[in-house]
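K.L.:
Provided below for reference: sequence and predicted model.
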Amino acid sequence: MSVLIVDTKCANLASVGFAFDRLGITSMISDDPAQIMAADRVLIPGVGSAPYAMSKIKEAGLLDTLKSLQQPVLGICLGMQLLFETLDEGGQLVDGLGLVPGRVTALETGHLPSPHMGWNRLSNLMDDPLTADLTEGDHAYFVHSYAAPISDMTLATTTYQNPFTAMLRHGNVRGCQFHPERSAETGAAILKAFAVL
């Protein structure tokens, strides 16, 4: 079992790689289209802003490669948001990878601070290999200001003023709005499950 971590130029790649190392799972980091296309599983990480991330993906010549992936794909944090057709970031509409239908928008935090940062509960777990070893109420570590709405693709929700999609699945593509590599046993269970899809 092995996972290719896409070098998006906007993520803490080492921490994701170390998370797989701790689980005894082989991973490699690459921005080579041929290696990405040949990989058994592809993880798309990301932190920061969507416009910057998409510009880096385009500069690296990865846009068409990532749009055409047929193997299991997991996007984490900003990487999950990039899976969508459109991201509305600060009033700027950004085209995502289009692997998942819909739009990512700003969290409506009300009186709560933004970004949503820290541990929060996973709720309304749906049946999927990535949720098989999770329990209702398990905690995951979040750092984000934007989120996807709840839909028929949602595998788990989290509430921060309002509920949003914490995990999703659309065909071969899955996403975690949180950081599984920083989410202790919860994250380890998800990464292990992804590595054997």
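P.N.:
Yep, that arrived.

K.L.:
all contacts plus neighbour counts: C-alpha atoms, from now on.
P.N.:
OK.

K.L.:
Backbone dihedrals for the residue in the chain sticking out farthest from the centre, please?
P.N.:
In terms of distance from the mean C-alpha position of the chain, residue 111 ranks first, at 26.2 Å (Cα atoms, centre = their mean). With angles defined as degrees, to the nearest 10, residue 111 sits at phi -80, psi 0.

K.L.:
before we move on, what about residue 37?
P.N.:
Dihedral angles of residue 37 (phi, psi; degrees, to the nearest 10) stand at phi -60, psi -30.

K.L.:
count of neighbours near it?
P.N.:
Applying other Cα atoms under 10 Å, we find 17 residues neighbouring residue 37.

K.L.:
who touches whichever strand in the chain runs longest?
P.N.:
What stands out as the longest strand in the chain, according to DSSP state E, is strand 162-170. Contact partners of strand 162-170, identified using Cα atoms under 8 Å, 6 or more residues apart in numbering, comprise 100, 108-109, 122, 147-151, 153-158, 174-178.

K.L.:
Okay, now the sheet partners of the very next helix or strand once past that strand, with direction.
P.N.:
Once strand 162-170 ends, the next helix or strand along the chain (criterion: DSSP states H and E) is strand 173-176. Sheet neighbours of strand 173-176, with direction, are listed as strand 73-76 (parallel), strand 162-170 (antiparallel) (DSSP bridges).
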